[in-house]
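A.B. asks: Dropping a prediction and its sequence here:
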Amino acid sequence: MPKKGLITVDLKLCKSCGICVEFCPRKVLVSEEPLLKAKVAEPERCNACQLCEIYCPDWAISVEEVEAVEAGKEDSR
Amino acid sequence: MTRRLLLGNEAIGEGALAAGVRFFAGYPITPATEIAEFMARRLPAVDGTFIQMEDEIGSMCAVVGASLAGVKAMTASSGPGLSLKQEAIGMAAMQEVPCVVVDVMRVGPSTGMATLPAQQDVMQARWGTHGDRGAIALCPSSVKECFDLAVRAVNLAERFRTPVHLLADAEVGHMREVIDIPERVEIENRRRPTVPAGDPSFQAYAGDADGVPPMADFGAGYLWHAEASTHNARGDLASTDHVAAAALNRRLIDKVNQKAKEITFYSERRLDDAEVVIVSYGVSARGAAEAVEMARAEGIKAGLLTLQTIWPFPAHLIEGLMGEGEAAAKLRPQGGCPKAVLVAELNAGQVVIEVDRAVRGRASVELVGRHDGRILAPADILARIKEVR
Amino acid sequence: MATAIMHAKDLREKYLVGRNLPTIWCSGCGIGTVISATMRAIERLGLAQQETVFCIGIGCSGYSSRYVNFDATHTLHGRALPVATGMKLANPKLKVIVLTGDGDSMAIGGNHFIHAARRNIDLTTIIFNNGIYGMTGGQYSPATPFGALSTTSPYGMIEGDFDAAKLAIAAGATYVARSSTYHAQQLTDIIAGAITHPGFSVVDALCQCPNHFGRLNKQGTAAAMMRGYRDQCVRVGPTDGTAGEAAGATGESAGATDGGSMPVARVDLDRYEGTGRIPIGLLYKAIRPELTAEYAKVREATEASEA
């Protein structure tokens, strides 16, 4: 079963540098207007690789590995 | 008691060891090198550490590092080395790290006369590092005082959490005298925190009633920050916090200066009825003592106040010399003010400035000085006594 | 076997002073990423937090003194290494980590850097190498490349630059490695290796300064600068066939009596000269007498002869 991740962004710490957005291999994140802070746009695509977490210079983004949801089921997240 | 014939520099080493110094970092420089060599030989056997660093600045910084780890630490140099160390001395003062900085003074400026005595670093010890702080400096005038004041310097550093200057001079550092080394000496240790590691009430830079914060060893679990930038009581860097800055600077000055009387060490000779009083320190005090005796033999009422503490400057002793204040009872029990004060020192006038300020016109204040590598001969001082009385 | 990557929230809680966050570092500055790699290395090694101490220099990386939840001293510009030397000698049980910048370690601190390496004292030195003096607004450092713009090389840098790794090796460091913020996992690995290594370890941590170096030299966003590291750096070590260059030492303490050593790993750095590629990974490792261990022997010998 591929891993899945639940991402939290601490908006007080995020400085809108865009590193996580640009490097996420699954394009989960976007820079949200107007402040360009990181935002989870495609949560179901996250596979908890933690690259954003490893890179973030401000410890603003955290990725929790969660139970994978079976394909086809409603994703309430 | 062990009776030994010792070099002044060796006596400084012996005093430091007796007081618990177990780390020395230094760099060779005339006329202080014997201290480093002594420490290199003696420290390993008492579980201490010696290192010859790559330069004077490295030595001072290593001393600060060792002291942060909880070990009593010392360095020794001369004028040029003290000039190099000033920034790091400021770090020790700002981070409140106990340590001793020995300066065996020689003629400057700059490279000057490496082997010959001077007393030209008095003001440098006080003001050499930038910023405001209270400074402590002691001056030995004999091999015995080299030992005793080295002990005092280490203890004061621990008590006040600050760098303490031991200002010897090339003559005292390089003379040999017989002294009795006691079995043990009174030792003061830095106050360590009373609350356990992890206790949220611990604040690294919150002064106790005496203005000195308890100091935890690095590695003891307090996870504190020694901060050279302006900081608050918790130790957080606070370099734009005007309130924290005012409080910190004030405390660094007051913790020392307000205790000036307690840390004033001196000796005196024939002061009570003296009409001409010599104020001196270090090697100059020896010539001055002889000059006083020569003067008395000729019926001249001369006396000598030998300062062992130069900083904080003991203005209260000068008050006492003028027959006023608490010190008068000890120095001038008969009361009254001398006619003239002569300050004997090997420079163009440093302590004389402080004396003049403290005398406030109640007596004439003059310098008997030289800065050519020679020491003041008793006859020279006697001649000036005769001039001013 | 993959090791679990510590979560940012846990890292913050355990190893950082949360009340002082967010950091003062610019948006996209790589310093935080290097700090993370350091903390993840500490976590992976299971170091005792009370016995791990930081000696920190002055500069942008110097501000980490506000954020690390350890005994830490924010020292003078260029002087973290001699402070660390005194601290380690006074209590060799401490794990002493030095955080310094390219200017802090190789300009004003250059003398202390080469001597600490020469002594092979067991310290771990992490150079936050962004090729610029960021804190003071973007002046050139000894690591600024030829031709680069800075506020004090407004017509382009005309001085040569130090290769921190080569300098460290020549001076006597016994563990020298380099990585970048792009290669953050490798950075964690080499920092862990540096801490474990019993001797003077240097990690040349390339990290982006987007606000000064990046802006002046038109290098784009922080992410673009990290892609620059990806493109410029080449991983070296056993996987690229340079294992054969390692002298065949066993890794045991060699030459304790004669002070000599056999490198247990050595990358031929000269072959990257002029290629525009920067070798990253473990570049040099040797076993040589370590200072605190040697001094302990001196103590034993003198105490024995006194007895």
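C.D. replies: Great, that's in hand. Since this is a predicted model, take the numbers as computed values, not measurements.

A.B. asks: CA atoms for contacts and neighbours, from now on please.
C.D. replies: Noted.

A.B. asks: who are the neighbours in contact with residue C:279?
C.D. replies: C:178, C:233, C:234, C:235, C:236, C:269, C:272 (CA atoms under 8 Å, 6 or more residues apart in numbering or on different chains).

A.B. asks: redo that, cut-off 6 Å
C.D. replies: The neighbourhood of residue C:279, defined by CA atoms under 6 Å, 6 or more residues apart in numbering or on different chains, consists of C:233, C:234, C:235, C:236.

A.B. asks: In strands only, show me the residues you listed.
C.D. replies: Judged by DSSP state E, strands contain the following of the contacts of residue C:279: C:233, C:234, C:235.

A.B. asks: Just send those back as a markdown table, with distance to chain B, neighbour count and pLDDT too.
C.D. replies: Converted to a markdown table, the ones in strands among the contacts of residue C:279 look like this (distance: CA to the nearest CA, whole Å; neighbours: other CA atoms under 10 Å in any protein chain shown; pLDDT from 0 to 100):
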| residue | distance to chain B | neighbour count | pLDDT |
| --- | --- | --- | --- |
| C:233 | 34 | 21 | 98 |
| C:234 | 35 | 16 | 97 |
| C:235 | 35 | 19 | 96 |
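
A.B. asks: ok so, going back, farthest pair within the contacts of residue C:279?
C.D. replies: C:233 and C:236 (9.3 Å; CA to CA).

A.B. asks: which parts of the stretch 1-150 of chain C sit against chain B?
C.D. replies: Contact residues, the stretch 1-150 of chain C versus chain B (CA under 6 Å from any CA of the partner chain): C:50-51, C:70-74, C:82-87, C:90.

A.B. asks: Could you rerun that using 7 Å?
C.D. replies: C:50-51, C:66, C:69-75, C:79, C:82-87, C:89-91, C:94, C:112, C:115 (CA under 7 Å from any CA of the partner chain).

A.B. asks: and the gap between the residue in chain A that chain C sits nearest to and residue C:220?
C.D. replies: Shortest chain A-to-chain C distance, computed as CA to the nearest CA: residue-wise this is residue A:57, at 3.9 Å. Computed as CA to CA, to the nearest Å, the residue A:57 to residue C:220 distance reads 17 Å.

A.B. asks: Of these two, which one has the most company?
C.D. replies: Set residue A:57 next to residue C:220 and count neighbours by other CA atoms under 10 Å in any protein chain shown: residue A:57 wins out with 30 against 14.

A.B. asks: got a list of what that one touches?
C.D. replies: C:28, C:29, C:30, C:31, C:32, C:33 (CA atoms under 7 Å, 6 or more residues apart in numbering or on different chains).

A.B. asks: Show the contacting residues for the residue lying closest to residue B:138 once chain neighbours are set aside.
C.D. replies: Leaving aside its sequence neighbours, residue B:138 sits nearest to residue B:309 (CA to CA, 6 or more residues apart in numbering or on different chains; 4.5 Å). Applying CA under 7 Å, 6+ apart, we find residue B:309 in contact with B:137, B:138, B:139, B:264, B:265, B:266.

A.B. asks: could you redo the residues you listed as JSON lines and give each row secondary structure, neighbour count and pLDDT?
C.D. replies: Converted to JSON lines, the contacts of residue B:309 look like this (DSSP: H, G, I helix; E, B strand; the rest coil; neighbours: other CA atoms under 10 Å in any protein chain shown; pLDDT from 0 to 100):
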{"residue": "B:137", "secondary structure": "strand", "neighbour count": "24", "pLDDT": "98"}
{"residue": "B:138", "secondary structure": "strand", "neighbour count": "29", "pLDDT": "98"}
{"residue": "B:139", "secondary structure": "coil", "neighbour count": "32", "pLDDT": "98"}
{"residue": "B:264", "secondary structure": "coil", "neighbour count": "20", "pLDDT": "98"}
{"residue": "B:265", "secondary structure": "coil", "neighbour count": "17", "pLDDT": "98"}
{"residue": "B:266", "secondary structure": "strand", "neighbour count": "16", "pLDDT": "98"}
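
A.B. asks: Which member of those residues is positioned nearest residue C:276?
C.D. replies: Within the contacts of residue B:309, the smallest distance to residue C:276 is 56.3 Å, found for residue B:137 (CA to CA).

A.B. asks: What is the neighbour count of the residue nearest to the closest one when sequence neighbours are not counted?
C.D. replies: Leaving aside its sequence neighbours, residue B:137 sits nearest to residue B:165 (CA to CA, 6+ apart; 4.4 Å). As a burial measure, residue B:165 scores 28 neighbours (other CA under 10 Å).

A.B. asks: In terms of helix, strand or coil, where does residue B:165 fall?
C.D. replies: For residue B:165, the assignment made with DSSP: H, G, I helix; E, B strand; the rest coil gives strand.

A.B. asks: okay, and for chain A, where does confidence drop off?
C.D. replies: Counting by pLDDT under 70, the ranges of chain A that qualify are A:68-77.

A.B. asks: same thing but 80
C.D. replies: A:1-2, A:67-77 (pLDDT under 80).

A.B. asks: What are the neighbouring residues in contact with the closest residue to chain B within chain A?
C.D. replies: Distances between chain A and chain B by CA to the nearest CA are smallest at residue A:58, namely 18.6 Å. Neighbouring residues of residue A:58 by CA under 7 Å, 6+ apart: A:13, A:14, C:22, C:32.

A.B. asks: quick one, phi psi at the first one?
C.D. replies: Backbone dihedrals for residue A:13, given as degrees, to the nearest 10, come out at phi -100, psi -30.

A.B. asks: That one: neighbour count?
C.D. replies: 16.

A.B. asks: got a list of what it touches?
C.D. replies: Here residue A:13 is in contact with A:58, A:60, C:22 (CA under 7 Å, 6+ apart).

A.B. asks: again with the second one
C.D. replies: Applying CA under 7 Å, 6+ apart, we find residue A:14 in contact with A:37, A:58, A:60.

A.B. asks: Go through the residues you listed and name the one nearest residue B:67.
C.D. replies: Comparing the contacts of residue A:14 against residue B:67 with CA to CA places residue A:58 closest, at 33.3 Å.

A.B. asks: before we move on, what SS does the closest one have?
C.D. replies: Classification of residue A:58 by three-state DSSP places it in coil.

A.B. asks: ok, it to residue A:18 distance?
C.D. replies: Residue A:58 sits 12 Å away from residue A:18, taking CA to CA as the criterion.

A.B. asks: most centrally placed residue in chain B?
C.D. replies: residue B:137 (1.9 Å; CA atoms, centre = their mean).

A.B. asks: circling back: in the contacts of residue B:309, find the pair that's most separated.
C.D. replies: Spatial extent of the contacts of residue B:309 (CA to CA) is set by the pair B:137 and B:266 at 12.6 Å.

A.B. asks: Helices of the stretch 151-300 of chain C, start to end?
C.D. replies: C:164-171, C:184-196, C:215-216, C:222-232, C:291-306 (DSSP state H, counting those that start in this stretch).

A.B. asks: Any part of the last one near chain B?
C.D. replies: Yes. Remark: helix C:291-306 sits within contact range of chain B at C:298, C:299, C:302, C:303, by CA under 7 Å from any CA.

A.B. asks: Now for the second one: which residues touch it?
C.D. replies: Think residue C:299. Residue C:299 sits in contact with B:44, B:45, B:47, where contact means CA under 7 Å, 6+ apart.

A.B. asks: got a list of what whichever residue of the stretch 51-200 of chain C sits closest to chain A touches?
C.D. replies: Residue nearest to chain A within the stretch 51-200 of chain C (CA to the nearest CA): residue C:184, separated by 6.8 Å. Each residue near residue C:184 by CA under 7 Å, 6+ apart is listed here: A:54, A:55, C:37.
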